[in-house]
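# okay, structure incoming, though there's no sequence with it:
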């Protein structure tokens with residue numbers, strides 16, 4: 001006669017209510033002991049219970065490694081003592097954790113020197129290239145805070161919180177001491193990107209582990225489930241790319257690889273004689289460059305003797321195609337120069353300098 005086995009729980013919040021389920025710190029996963037005494041291990045990636053080593057396989061391994069003169073039937077420790085030992089280790093670990101709380105890892109950058117008219121969408125787009133930006137548990141909005149002065153105006157400082165700590169150093173290495181927008185120096189000079197201090201952590205990053213939080217239906221339990229679900233969602237986003245693996249980083253090494261610098265597009269004499277040419281030249285440039293891909297921004301620097309125009313594309317592939325086609329090209333009895341920006345350029349633009357944003 002086949003015995004009926006009680007179904008195993010498959011939802012994390014139900015694990016605490018099932019007496020058969022315990023959490024193993026050594027393997028960092030949940031273990032279930034069924035009615036027959038067999039043990040099962042929870043695999044979070046597949047959301048399935050899988051059996052631990054069965055007795056037949058264990059016997060095969062014992063036979064392969066049996067040592068003459070050693071009684072394999074004699075248990076190294078009886079089950080009761082083993083359980084007590086494990087419980088003692090867990091209690092000791094709890095005390096050590098309480099006495100030596102784990103240091104919180106920083107996952108945020110603090111940015112200064114931003115343009116006065118920067119938007120949260122711009123910040124998300126620029127800083128989101130270096131890692132997944134965390135979201136609020138309740139509102140699902142990116143954790144980006146823009147600071148204001150006493151008059152309520154943006155003061156050029158912002159806080160960006162990432163989901164993973166590795167993104168912090170990556171953003172610092174590639175963005176610190178650069179212009180947020182190519183050729184546009186901020187009111188305080190270059191943009192500075194530094195690791196944030198811990199004061200921003202007003203929101204719990206880990207679910208509460210109190211007894212109250214384990215009771216289904218309590219406010220503490222609902223908060224705990226929100227944090228767990230948000231962490232799972234953010235982890236799913238990391239499957240697209242992982243900051244730890246250089247091979248899956250975006251193909252662009254810096255954010256400037258999709259910005260092209262064009263020189264000798266005009267002369268100062270031309271635009272001094274007819275200021276209306278500035279808009280016409282910028283528009284013609286945008287139209288011509290659109291043949292290589294989507295153009296996001298065109299800026300004409302009307303105080304540069306070498307006739308400089310910058311073109312920002314939506315991706316680096318279009319920028320590289322533009323450089324290949326435009327570099328050395330004859331234009332108005334001049335030969336153009338085209339290259340990718342490196343972020344160190346400082347071009348002059350007067351009040352009539354033209355910028356076209358898509």
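Yep, it's here. Computed from a predicted model, the values in this text were never measured in an experiment.
# which parts of the stretch 101-250 of the chain are strands?
Secondary structure of the stretch 101-250 of the chain, counting by DSSP state E, counting those that start in this stretch: strands at 108-112, 144-148, 154-161, 192-195.
# where does the stretch 1-150 of the chain dip in pLDDT?
The model of the stretch 1-150 of the chain has pLDDT under 70 over residues 1-4, 53-86, 94-95, 97-103.
# swap in 80 and give it another go.
1-5, 25-28, 44-46, 52-104, 136-140 (pLDDT under 80).
# swap in the stretch 151-300 of the chain?
Ranges of the stretch 151-300 of the chain meeting pLDDT under 80: 182-188, 198-255, 275.
# out of the strands of the stretch 101-250 of the chain, which is the most enclosed?
Ranked by mean neighbour count under mean count of other Cβ atoms under 10 Å, these are led by strand 108-112, which reaches a mean of 22. In this view, the C-beta of every residue, glycine as well, is placed from N, C-alpha and C.
# what's the angle from it to strand 144-148?
Comparing the axes of strand 108-112 and strand 144-148 via axes from the mean of the first three to the mean of the last three Cα atoms, to 10 degrees yields an angle of 30 degrees.
# does anything pack onto strand 108-112? Which helices or strands?
For strand 108-112, the packing partners by 3 or more Cβ pairs under 8 Å, 6 or more residues apart in numbering; DSSP states H and E come out as helix 120-127, strand 154-161, helix 166-175, strand 192-195.
# if we use 6 Å, what do you get?
Packing partners of strand 108-112 (3 or more Cβ pairs under 6 Å, 6 or more residues apart in numbering; DSSP states H and E): strand 154-161, strand 192-195.
# which one of the strands of the stretch 101-250 of the chain lies nearest to residue 137?
strand 154-161 (12.2 Å; Cβ to Cβ).
# strand partners (parallel or antiparallel) of the closest one?
Strand 154-161 has these partner strands in its sheet, going by DSSP bridges: strand 108-112 (antiparallel), strand 144-148 (antiparallel).
# contacts for the last one, please.
Going back to what we said before, that points to strand 144-148. Residues from elsewhere that reach strand 144-148, judged by Cβ atoms under 6 Å, 6 or more residues apart in numbering: 120, 123, 154, 155, 157, 158, 159, 160.
# closest one of those to residue 330?
Proximity to residue 330 was ranked across the contacts of strand 144-148 by Cβ to Cβ; first place goes to residue 123, at 40.7 Å.
# circling back: so can I have TSV of the strands of the stretch 101-250 of the chain showing distance to residue 32?
Formatted as TSV, those follow (distance: least, Cβ to Cβ, whole Å):
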stretch	distance to residue 32
strand 108-112	38
strand 144-148	41
strand 154-161	36
strand 192-195	42
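# out of those, which gets nearest to residue 11?
Nearest of these to residue 11, taken as Cβ to Cβ: strand 154-161 at 28.7 Å.
# between that closest one and helix 166-175, how big is the angle?
Going by the same axes, to 10 degrees, strand 154-161 makes 140 degrees with helix 166-175.
# and strand 154-161 with helix 120-127, angle?
50 degrees.
# the helices and strands packed on strand 108-112: which one's closest to residue 273?
Nearest to residue 273, of all the helices and strands packed on strand 108-112, is strand 154-161, at 37.9 Å by Cβ to Cβ.
# now the closest residue to residue 277 other than its chain neighbours: how far from residue 280?
Counting by Cβ to Cβ, 6 or more residues apart in numbering, residue 277 lies nearest to residue 271, which is 5.2 Å off, once chain neighbours are set aside. For residue 271, the distance to residue 280 equals 10 Å [Cβ to Cβ, to the nearest Å].
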